[in-house]
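Chemist: Here's a sequence, model it:
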Amino acid sequence: MAEPDLSSLVTPERLAEFFAPQSIAMVGASDNSGWARNIVTSSTVTGFEGRLIPVHPKYETAFGRPVVPNLRDLDEPVDLAFVLAPTRAVESVIDDAAAAGIKNAIVLASGYREVGGEGVDLQERLIKQAAELDITLLGPNTLGCLNAHAKSAPFGLIVPPPLAAGPVGIVLQSGALATAVLQFARARAIGVSLLASMGNEGMITTTDVVNYLVEDENTKVICLFLEQIAHPAEFAKAADRAAAAGKPIVALKVGASEAGQKSALAHTGSIAGDDAVVDAALRQMNVIRVNSLEELLSTGAMLGYCRPPRGPRMGVLTASGGACDIIADGSSREGLEIPDFAPETAEKIQPHLPPFAAAHNPLDVTGYGLAHSGRGGNALSAIDQALDAAVEDPNLDFIMFTGVNVPDQRPPDEEMATRLEQRLDWIAERIATSRIPVIPVANVCTDVSPYAREELGKRGLHVLGGIDLGVRAFGNALRWVQRGETRTAGLGAPAASTGNGQVTGQTGPWSEAAARDLLAASGVPVVPGELVDSADAAVRAAERLGMPVAMKICSAQITHKSDIGGVALNLATPDDVRAAYGRVRDAGRAVPDAQVDGVLVTPMRGDGVELLVGVTTDPTFGPVLTVGLGGVWVEVMRDTTLRVLPVDRDEAKRMLGELRGAALLKGARGTAAADLDRVAAAITAVGDAAARLDGRLEAIEVNPLWISGDRVEALDALVVTADGTTRTARIEQEARA
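Modeler: Numbering: from 1, shown residues only. You can find the predicted model right below:
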């Protein structure tokens with residue numbers, strides 16, 4: 001079945017209407033329908049003031065409202081039809097919606113693509129039908145959505161009250177988690193712009209909703225729960241749009257697994273699993289990846305309500321020495337710094353502290369400082385005075401402030417309540433006018449009381465829930481800022497193929513000689529070598545190349561050469577070369593069905609740094625570049641970093657800087673510092689070699705890439721390709737699975 005063109009049905013403009021309906025028909029609603037009851041209840045929570053119409057052929061009333069027998073019987077079109085009918089009746093309801101002039105529909109029913117087999121065909125038919133009728137459809141197998149600003153909730157679960165409208169857009173590829181997400185948002189007073197349960201994404205996809213939220217003026221940050229990224233190139237374009245709009249994307253991506261797609265012949269495949277590829281791809285898109293729902297929403301709240309830090313230097317203002325210790329430990333893990341206060345800052349703070357406290361960063365004003373606040377009619381405490389000084393400190397990029405503590409209820413003492421509210425006024429003003437971001441954080445992640453919600457909300461204050469979540473949110477936000485400053489290109493732009501007619505017919509493992517030719521043609525510096533077919537030729541080659549030399553059997557069918565005795569190293573004399581030639585040749589000839597091209601002679605290389613540089617093909621993201629500490633250490637150290645291709649030289653240098661062994665490249669222990677520009681050029685050339693294979697790549701691996709000062713050479717090479725048609729079909733099958 002040809003895929004219909006859905007582009008005009010899922011534009012941000014069309015989705016703006018879809019997600020803000022002011023009249024909703026619930027098709028299949030009755031007093032016995034729990035789904036319909038939830039929609040009615042959720043609409044009450046959001047304050048929905050539009051028309052909510054039950055539609056059912058067998059009942060006259062539902063939820064105290066008159067029931068319409070069929071959508072065709074409506075006196076005027078509604079903005080949205082929520083289809084609660086069983087799967088067998090859905091297509092008929094969509095026909096009724098079109099006849100009634102309805103342009104938007106949500107389909108709750110399951111039994112479509114998620115069950116496979118006939119369900120896939122059933123979903124394709126439903127989407128084709130809706131597209132031909134000019135109906136934008138969410139689902140099937142979805143719980144719906146809610147829009148807090150529009151106060152509409154065509155949503156099949158109960159929304160826990162109160163629901164605050166705010167800056168955080170939420171897109172979930174798991175509808176059942178919506179309740180938990182909304183409960184945490186309510187508990188921490190996190191305001192939501194949109195929450196969408198995506199279902200099977202038959203028409204409206206996660207990427208479509210991201211594009212809509214990028215243009216939605218009520219949304220400042222986009223939070224995603226992802227089970228898959230079906231179309232990474234389109235998703236990357238949406239991430240680019242979000243970055244251009246200054247809207248961070250925060251994602252909880254689940255489903256880590258080992259990649260069966262990778263070639264078992266290369267080290268690269270075993271160290272670049274599916275989840276590592278996802279992690280690399282999201283970093284390249286500058287999507288913040290988190291590990292829990294709490295971290296997802298806390299990071300989203302920080303970026304939605306606060307200015308993000310633009311540098312790692314953090315001022316810490318607390319009333320607890322223990323909190324200072326916890327914060328210091330967490331900051332170290334997140335790459336944050338806690339520098340000393342400037343002398344003038346410490347001088348301003350010290351008079352407000354008890355005699356036994358010292359004005360240093362992180363600052364503990366102590367419980368004494370809080371208990372003796374507000375003296376002399378002043379509503380400000382010691383921690384507030386410290387804030388007033390610290391915001392001007394040139395040593396700081398932002399401040400973590402734990403001094404916003406609002407009781408569960410308004411204090412019964414009117415003078416105390418007035419001072420508290422005056423203090424909140426001052427804090428809000430000081431944060432708003434501060435030179436650097438000031439981010440309030442609670443010591444623990446407890447629920448925000450109704451009184452605190454009201455007092456903080458009307459002043460535009462938001463307090464992050466807990467030290468641990470707060471510090472992680474700071475690290476996430478800072479990395480988002482830093483990556484945004486260096487990111488130049490979106491993910492998924494195909495690398496230009498230089499073409500190579502000589503290699504298009506090769507499949508399976510290549511001989512090392514052929515692999516060397518491909519790499520050299522792509523600009524990879526390859527160690528000199530000669531392919532020989534006799535002992536005399538081996539000696540002559542060794543003399544030309546310079547002894548000592550290495551010799552390796554050259555055969556496409558023998559990939560693990562050392563395992564069969566097909567490698568000889570450190571051959572320093574002609575006699576060594578002659579003897580080794582016979583051993584290596586005989587080892588190769590003993591392998592059944594192996595076609596031996598000859599013996600490869602290359603010069604030995606001395607001390608230097610050895611890297612692994614490899615490319616494998618991920619079924620979702622395509623060619624993925626791996627760079628790591630190489631040689632014999634690759635699987636022991638597993639010191640690697642990944643990028644989805646294409647990668648330029650600047651990005652390759654950043655990859656080198658991410659390695660734990662990066663110090664080796666800088667001349668550790670008296671060795672020559674590597675020419676990082678030449679190393680980066682070699683790395684990108686390996687990526688170019690992958691592009692020459694026109695989508696048939698299984699694996700390319702250079703291990704080791706030898707580096708000594710300004711000398712960079714590939715000492716060993718592996719290339720594995722597959723038939724393009726077979727490989728594409730396999731990847732598509734695995735992606736569907």
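Chemist: measure A556 to D593 for me?
Modeler: Going from A556 to D593 by Cβ to Cβ, to the nearest Å gives 11 Å. In this view, the C-beta of every residue, glycine as well, is placed from N, C-alpha and C.
Chemist: Which one of these two is surrounded by more residues?
Modeler: Each of A556 and D593 has its neighbours counted (other Cβ atoms under 10 Å); A556 has more, 21 against 5.
Chemist: Quick check: chain neighbours aside, which residue is closest to the more buried one?
Modeler: S511 (4.4 Å; Cβ to Cβ, 6 or more residues apart in numbering).
Chemist: so what pLDDT did that neighbour get?
Modeler: pLDDT for S511: 93.
Chemist: where in the stretch 501-650 of the chain is pLDDT low?
Modeler: When residues are selected by pLDDT under 70, those of the stretch 501-650 of the chain lie in 501-505, 631-637.
Chemist: show me where it has helices.
Modeler: 512-521, 535-545, 574-589, 634-637, 649-658 (DSSP state H, counting those that start in this stretch).
Chemist: and what of the stretch 351-500 of the chain?
Modeler: Using DSSP H, counting those that start in this stretch, helices in the stretch 351-500 of the chain cover 366-371, 382-390, 414-433, 450-457, 467-486.
Chemist: can you redo the ones you listed as a markdown table with mean pLDDT?
Modeler: Below are those laid out as a markdown table (pLDDT from 0 to 100):
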| stretch | mean pLDDT |
| --- | --- |
| helix 366-371 | 66 |
| helix 382-390 | 96 |
| helix 414-433 | 95 |
| helix 450-457 | 96 |
| helix 467-486 | 96 |
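Chemist: Show me which strand runs longest in this structure.
Modeler: Scanning the chain for the longest strand, with DSSP state E as the assignment, gives strand 697-708.
Chemist: Alpha carbons of that strand, in CSV - could you do that?
Modeler: Output in CSV follows, covering the C-alpha atoms of strand 697-708 (Å, rounded to 0.1, in the frame of the first residue of the first chain):
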residue,chain,number,x,y,z
LEU,A,697,29.0,-1.1,5.0
GLU,A,698,29.0,-3.7,7.7
ALA,A,699,32.3,-2.6,9.4
ILE,A,700,35.5,-0.7,8.8
GLU,A,701,38.1,-0.9,11.4
VAL,A,702,41.6,0.6,11.8
ASN,A,703,43.3,-1.0,14.8
PRO,A,704,45.7,0.3,15.5
LEU,A,705,45.9,3.8,14.2
TRP,A,706,49.5,4.4,15.3
ILE,A,707,50.5,8.0,16.4
SER,A,708,53.9,9.3,17.3
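Chemist: correct me, but the residue nearest to A556 touches T559?
Modeler: No: checked against Cβ atoms under 8 Å, the pair S511 and T559 is beyond contact range at 9.8 Å.
Chemist: Show me which of those two is the more surrounded one.
Modeler: More crowded of S511 and T559, by other Cβ under 10 Å: S511, with 24 against 18.
Chemist: who's in contact with the more buried one?
Modeler: With Cβ atoms under 8 Å, 6 or more residues apart in numbering as the criterion, the residues that contact S511 are 554-556, 597.
Chemist: hmm, try it at 10 Å
Modeler: 517, 531, 553-559, 595-598, 600, 717, 719 (Cβ atoms under 10 Å, 6 or more residues apart in numbering).
Chemist: What of V254?
Modeler: Going by Cβ under 10 Å, 6+ apart, V254 touches 173-174, 225-228, 275, 278, 291.
Chemist: and the residue nearest the centre of the chain, what pLDDT?
Modeler: Compute the mean C-alpha point of the chain, and by Cα atoms, centre = their mean the closest residue is L282, 3.4 Å away. Reported pLDDT at L282 in the predicted model: 96.
Chemist: can you tell me the helix or strand for it?
Modeler: Assigned by DSSP states H and E, L282 falls within helix 274-284.
Chemist: what angle separates that helix from helix 649-658?
Modeler: With axes from the mean of the first three to the mean of the last three Cα atoms, to 10 degrees defining the directions, helix 274-284 sits at 120 degrees from helix 649-658.
Chemist: P66 is in contact with D75, correct?
Modeler: No: assessed by Cβ atoms under 10 Å, D75 is found out of contact with P66, at 11.4 Å.
Chemist: what's around the closest residue to G311 other than its chain neighbours, how many residues?
Modeler: Distances taken as Cβ to Cβ, 6+ apart put D397 closest to G311, at 3.2 Å, once the chain neighbours are dropped. By the criterion of other Cβ under 10 Å, D397 has 18 neighbours.
Chemist: For M314, see how far away D397 is.
Modeler: Separation of D397 from M314 (Cβ to Cβ): 7 Å.
Chemist: Return the residues in contact with the residue lying closest to D340 once chain neighbours are set aside.
Modeler: Excluding its sequence neighbours, the residue lying closest to D340 (Cβ to Cβ, 6+ apart) is N361, at 5.9 Å. Shown in contact with N361 (Cβ under 10 Å, 6+ apart): 313-317, 324, 328, 337-342, 345-346, 349, 386, 390, 393, 395-396, 399.
Chemist: Mind checking which of those land in helices?
Modeler: Using DSSP state H, the members of the contacts of N361 that fall within helices are 324, 328, 345-346, 349, 386, 390.
Chemist: who touches both of D397 and M314?
Modeler: Common neighbours of D397 and M314, using Cβ under 10 Å, 6+ apart, are 336-337, 339, 436-437, 478.
Chemist: circling back: quick one: which of the contacts of S511 has the most company?
Modeler: Counting neighbours by other Cβ under 10 Å, the top entry in those is V719, with 31 neighbours.
Chemist: Spit out the contact partners of it.
Modeler: 263, 265-266, 503, 506, 508-512, 514-519, 556, 615, 689-690, 693, 697-702.
Chemist: what residues are up against V463?
Modeler: Applying Cβ under 10 Å, 6+ apart to V463 gives the contacts 188-189, 301, 305, 401-402, 404-406, 439-442, 448, 452, 456, 470.
Chemist: Grab the nearest non-local neighbour of it.
Modeler: Closest to V463 by Cβ to Cβ, 6+ apart is P440, at 4.5 Å.
Chemist: Any idea what that neighbour is bridged to?
Modeler: P440 forms beta bridges with F401, as assigned by DSSP bridges.
Chemist: right, and it touches D384 too?
Modeler: No: using Cβ under 10 Å, P440 makes no contact with D384, being 12.0 Å away.
Chemist: Which neighbours do those two have in common?
Modeler: In terms of Cβ under 10 Å, 6+ apart, P440 and D384 are both contacted by the residues 401, 403-404, 427.
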